[in-house]
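Peer 1: here is a sequence with its predicted model. Questions after.
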Amino acid sequence: MAIGKRTKKIREGIDRTKLYPLADAIKLIKERATSKFDETIEVAMNLGVDPRHADQMVRGVVTLPNGTGRTLRVGVFARGAKADEAKAAGADVVGAEDLVEIVQGGKIEFDRCIATPDMMPLVGRLGKVLGPRGMMPNPKIGTVTMDVAGAVKGAKGGSVEFRVEKAGIVQAGVGKASFSEEKLVENVKALVDAVSKAKPAGSKGTYIQRVAVSSTMGPGVKVEPGTTFA
């Protein structure tokens, strides 16, 4: 397949075999994020795990110190006072049986889903709808909780969920190209720290094997893993 002029240009100056210090990699990515929209800066990490085994699953949530630059729509399954708390904290959609019916009908007007524990028998019916989208509430990442206000504020304030994929890769957005290099570096380090702390008992050998950063429309730049730690 022929490579376009724009792709050739943004790849210039990047050695695809080299491992760059994190700050240098971010600088290269920012310089090449020249689209008309504010591109998302993403991190991909290859981990030494096999997520097919339950003791090697990696999953968690991290609040990025400088936010994500993205406005998340948050949906909350709750009743009564907890529903009121969710609304006051800024949740975009709040409901119980009525919200379950809406979602079952295929209408999902949120990007992050939170539920109080008592709602999980109802929300469990939505596994086939929310599960494939990675949106099923889970107590391990703080989305099944009685502290709905805190969870909503966290989601709105820059918390990012991460989960290892079948190939042992964790991918997450850590900000926008308009962010300063310093803020992006801080966000990347926060993500890497959270993934590092989520190391499962079944992981053997080198845990964080490879790290790369990229922008939505730009090339990937390989990073020296040792420079990603705070």
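Peer 2: Yep, it's here.

Peer 1: residues of stretch 198-211 that come out buried?
Peer 2: Buried residues in stretch 198-211, counted by 16 or more other CB atoms under 10 Å: 198, 200, 203, 207-208, 211. C-beta coordinates here come from the backbone N, C-alpha and C atoms, glycine included.

Peer 1: ok, those vs D92, which is closest?
Peer 2: A198 (27.9 Å; CB to CB).

Peer 1: show me where this protein has its helices.
Peer 2: 5-11, 22-32, 80-88, 97-104, 120-123, 127-130, 148-157, 181-197 (DSSP state H).

Peer 1: show me the shaky parts of this structure.
Peer 2: 1-11, 13 (pLDDT under 70).

Peer 1: show me what contacts E39?
Peer 2: Applying CB atoms under 8 Å, 6 or more residues apart in numbering, we find E39 in contact with 33, 176-177, 215-218.

Peer 1: ok, now F110?
Peer 2: Contacts for F110 (CB under 8 Å, 6+ apart) come out as 73-75, 92-93, 135.

Peer 1: strands - which of the residues you listed land there?
Peer 2: Mapping the contacts of F110 onto strands (DSSP state E) picks out 74-75, 93.

Peer 1: which of those lies closest to A149?
Peer 2: Nearest to A149 out of these is V74 (CB to CB; 11.2 Å).

Peer 1: ok, that closest one touching D92?
Peer 2: Yes - counting by CB atoms under 8 Å, D92 is a contact partner of V74 at 5.5 Å.

Peer 1: tell me which of those two has more neighbours.
Peer 2: Remark: of V74 and D92, V74 carries more neighbours, 25 against 18, as counted by other CB atoms under 10 Å.

Peer 1: bridged to the more buried one, which residues?
Peer 2: R112 (DSSP bridges).

Peer 1: got the contact list for it?
Peer 2: 90-93, 110-114, 152, 155-156.

Peer 1: among the residues you listed, which two are most distant?
Peer 2: Using CB to CB, the two most remote members of the contacts of V74 are G90 and C113, lying 14.8 Å apart.

Peer 1: higher neighbour count, these two?
Peer 2: The residue with more neighbours, out of G90 and C113, is C113; 25 against 13, by other CB under 10 Å.

Peer 1: which non-adjacent residue is nearest that one?
Peer 2: M135 (4.6 Å; CB to CB, 6 or more residues apart in numbering).

Peer 1: just give me the neighbour total for the one you found.
Peer 2: 19.

Peer 1: contact partners for it?
Peer 2: By CB under 8 Å, 6+ apart, M135 lies in contact with 108, 110-113.

Peer 1: any idea how many residues pack against E161?
Peer 2: The burial count for E161: 17, using other CB under 10 Å.
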